[in-house]
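1. Below are the sequence and a predicted model for it; my questions follow.
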Amino acid sequence: MEELAHRTALISGAASGIGKAIAAAFAHQGTALMLLDIQAAELERCVSQLKQFNEKIIGFCCDITQPKQVKEAVSLAVEKFGELHILINNAGLCPLHSFEEITLEEWNQVLAVNLSGAFLLSQAALPYLKQAAEKGRIINIGSLAGISGGIAVGAHYAASKAGLMVLGKTLAKLLAQQRVTVNNICPGTTDTPLTQTWQPEIRQALLNQIPLGRFCLPEEIAALALFLASDSAAYITGATLNINGGLLMI
């Protein structure tokens with residue numbers, strides 16, 4: 001995917017887990033990267049690690065629920081690298097509370113980060129993605145919970161991911177004339193620092209339902225993101241690509 005060495009990508013929630021794996025995959029391709037996260041120390045470590053093999057990386061500590069910070073992040077990426085071709089909406093919260101335990105404050109916070117943050121980033125990036133034309137990409141990191149409902153995760157997380165994926169389909173229709181593609185990656189349970197903290201009985205119950213018998217690896221999601229960003233995926237838009245080990249077959 002040599003073309004990705006000449007592209008610029010902005011990735012939210014890039015300091016750990018799936019976002020960090022995606023950032024690493026693009027960094028190895030030589031892509032110029034603007035990495036966003038609200039965890040400043042983790043973001044600094046991530047940028048330092050990736051700069052060992054790609055100097056075209058900057059980090060920006062950003063609360064993506066704040067329009068001013070989002071606009072500043074997008075503007076800085078364009079100022080630094082000249083263009084913006086790829087937006088990856090990955091940042092998310094995933095509290096593990098039962099429906100009865102969810103407060104309105106927590107509900108609003110999860111939707112603000114997981115859905116409204118992606119809306120704000122997409123809106124701010126839109127002019128530059130339109131300029132990129134057939135090189136323009138939006139890739140949303142959804143969730144199996146957004147299709148079939150959550151199992152271990154909360155209802156607010158599932159609802160936010162469902163909204164994110166429908167937002168992606170809507171943007172795919174709106175941007176088709178500009179040849180900008182918009183797609184959703186829909187992982188099942190993924191082996192990240194977050195899920196590694198779950199109680200063993202919860203992890204085992206989830207594993208028992210997966211035909212391939214293991215959790216998804218963040219690097220496998222990153223490989224799919226690379227493909228969707230590449231020229232080879234130029235005719236794929238409005239799609240939801242499931243990566244769940246056979247848990248949901250459609």
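-> Yep, that arrived.
2. where does this structure have low pLDDT?
-> 151-152 (pLDDT under 70).
3. For it, just list every one of the helices.
-> Here the chain has its helices, by DSSP state H, at 17-29, 40-50, 67-81, 104-111, 117-132, 145-148, 155-175, 200-207, 218-229.
4. Dump those helices to TSV, plus distance to residue 186 and mean neighbour count.
-> Using the backbone N, CA and C atoms, a C-beta is placed for each residue, glycine as well. Below are those laid out as TSV (distance: least, C-beta to C-beta, whole Å; neighbours: other C-beta atoms under 10 Å):
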stretch	distance to residue 186	mean neighbour count
helix 17-29	12	24
helix 40-50	24	17
helix 67-81	24	17
helix 104-111	18	15
helix 117-132	14	20
helix 145-148	6	21
helix 155-175	7	20
helix 200-207	16	12
helix 218-229	10	21
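5. Could you dump the ones you listed into CSV with distance to residue 138 added?
-> Compiled in CSV, the helices of the chain are given as follows (distance: least, C-beta to C-beta, whole Å):
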stretch, distance to residue 138
helix 17-29, 14
helix 40-50, 22
helix 67-81, 13
helix 104-111, 19
helix 117-132, 6
helix 145-148, 16
helix 155-175, 6
helix 200-207, 29
helix 218-229, 10
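6. Nearest approach to residue 89 belongs to which of these?
-> Shortest distance between residue 89 and those, using C-beta to C-beta, is found for helix 117-132: 3.8 Å.
7. Touching the closest one from outside, list them.
-> Helix 117-132 has contacts (C-beta atoms under 8 Å, 6 or more residues apart in numbering) with 10, 12, 64-65, 67, 70-71, 73-74, 78, 83-85, 87, 89, 91, 136-138, 140, 164, 167, 171, 175, 178, 180.
8. what's near enough to touch residue 159?
-> Contacts here follow C-beta under 8 Å, 6+ apart; on that basis residue 159 touches 111, 146.
9. mind checking how far it is from residue 13?
-> Going from residue 159 to residue 13 by C-beta to C-beta, to the nearest Å gives 18 Å.
10. which stretch among the helices of the chain comes nearest residue 249?
-> Distance to residue 249, taken as C-beta to C-beta, is lowest for helix 145-148 among the helices of the chain, at 11.4 Å.
11. tell me what the closest one is packed against?
-> Helix 145-148 sits against helix 155-175, with contacts defined as 3 or more C-beta pairs under 8 Å, 6 or more residues apart in numbering; DSSP states H and E.
12. Quick one: distance of the helix it packs on to the chain centre.
-> The chain centroid and the centroid of helix 155-175 are separated by 12 Å, computed with C-alpha atoms, centre = their mean, to the nearest Å.
13. quick one, it and helix 104-111 angle?
-> Taking axes from the mean of the first three to the mean of the last three C-alpha atoms, to 10 degrees, helix 155-175 and helix 104-111 form an angle of 40 degrees between their directions.
14. show me what contacts residue 78?
-> Contacts for residue 78 (C-beta under 8 Å, 6+ apart) come out as 8, 84, 128.
15. of all these, which comes closest to residue 220?
-> For these, the closest approach to residue 220 (C-beta to C-beta) belongs to residue 8, at 24.0 Å.
16. and the gap between residue 8 and residue 124?
-> Separation of residue 8 from residue 124 (C-beta to C-beta) stands at 14 Å.
17. for residue 34, that is, sorry about that
-> Taken as C-beta to C-beta, the span from residue 34 to residue 124 is 12 Å.
18. and for those two, which residues touch both?
-> Here residue 34 and residue 124 have residue 73 as joint contacts, going by C-beta under 8 Å, 6+ apart.
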